[in-house]
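Engineer: here's a sequence, model it:
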Amino acid sequence: HFKGANGITSQCCPTRSLSFTLASMAPVLSFGSMRTGCPELCVRMTSEGIEEAMWSMAHFEGQLKKMREVHSLWQGDPRSFKLDAFSNPWAATNSSAFRAEHQRLREEQTLLTQRLHIIESLAG
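Structural biologist: Numbering: from 1, shown residues only. You can find the predicted model right below:
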């Protein structure tokens, strides 16, 4: 998985120097996670040796799926490819708050579009 993620990343984001490595994580004052008692495997995303994000394996798998989708788009036209900030699988801010804000903005855009259509129909 990491080799694939690193290969896709080097092609789609060549200026960022991002890489993924396997790591483990556990609460500081414990021997492991509360669920298993063992440290949990996770994925560390670094840029030039500086940690940008630490993802659970489940989150990484989801991001890897998105990376593959983005890579497919990139392969279609690498020269004019632009990465959408909201669907960027390499963004370190893939938190629930970020997704909630994205959803709120989509709903607001829909509402504004509906209002615009009403105004246009009244004016025309």
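
Engineer: check the protein for its longest helix and report it.
Structural biologist: Among all segments of the chain classified by DSSP state H, the helix with the greatest residue count is helix 96-123.

Engineer: now do it: distance to the chain's middle.
Structural biologist: A distance of 23 Å separates the C-alpha centroid of helix 96-123 from that of its chain, computed with C-alpha atoms, centre = their mean, to the nearest Å.

Engineer: give me the most central residue, the chain.
Structural biologist: Most central in the chain under C-alpha atoms, centre = their mean is Pro89, positioned 2.8 Å from the mean C-alpha point.

Engineer: how near is it to Cys42?
Structural biologist: Distance, Pro89 to Cys42, by C-beta to C-beta, to the nearest Å: 16 Å. From N, CA and C alone the C-beta is placed, and that goes for glycine too.

Engineer: do a quick rundown of the helices in this structure.
Structural biologist: Per DSSP H, the chain has helices spanning 2-12, 57-76, 96-123. These are given in chain order.

Engineer: of those, which shows the lowest average pLDDT?
Structural biologist: The stretch with the lowest mean pLDDT among those is helix 96-123, at a mean of 81.

Engineer: can you pull the buried residues of that one?
Structural biologist: By neighbour count, with 16 or more other C-beta atoms under 10 Å as the criterion, helix 96-123 contains no buried position.

Engineer: could you do stretch 16-31 as well?
Structural biologist: Taking 16+ other C-beta under 10 Å as the basis for neighbour counts, the residues of stretch 16-31 that come out buried are Leu18, Ser19, Phe20, Ala26.

Engineer: contact partners of that stretch?
Structural biologist: Defining contact as C-beta atoms under 8 Å, 6 or more residues apart in numbering, one finds that stretch 16-31 is touched by 2, 5-6, 9, 32-34, 37-48, 52, 54, 60, 90.

Engineer: buried ones among the residues you listed?
Structural biologist: Among the contacts of stretch 16-31, those buried by neighbour count (16+ other C-beta under 10 Å) are Ala5, Thr9, Cys42, Val43, Arg44, Met45, Thr46, Phe60, Trp90.

Engineer: closest one of these to Leu122?
Structural biologist: Trp90 (44.5 Å; C-beta to C-beta).

Engineer: show the pLDDT at the closest one.
Structural biologist: With respect to pLDDT, Trp90 has a value of 88.
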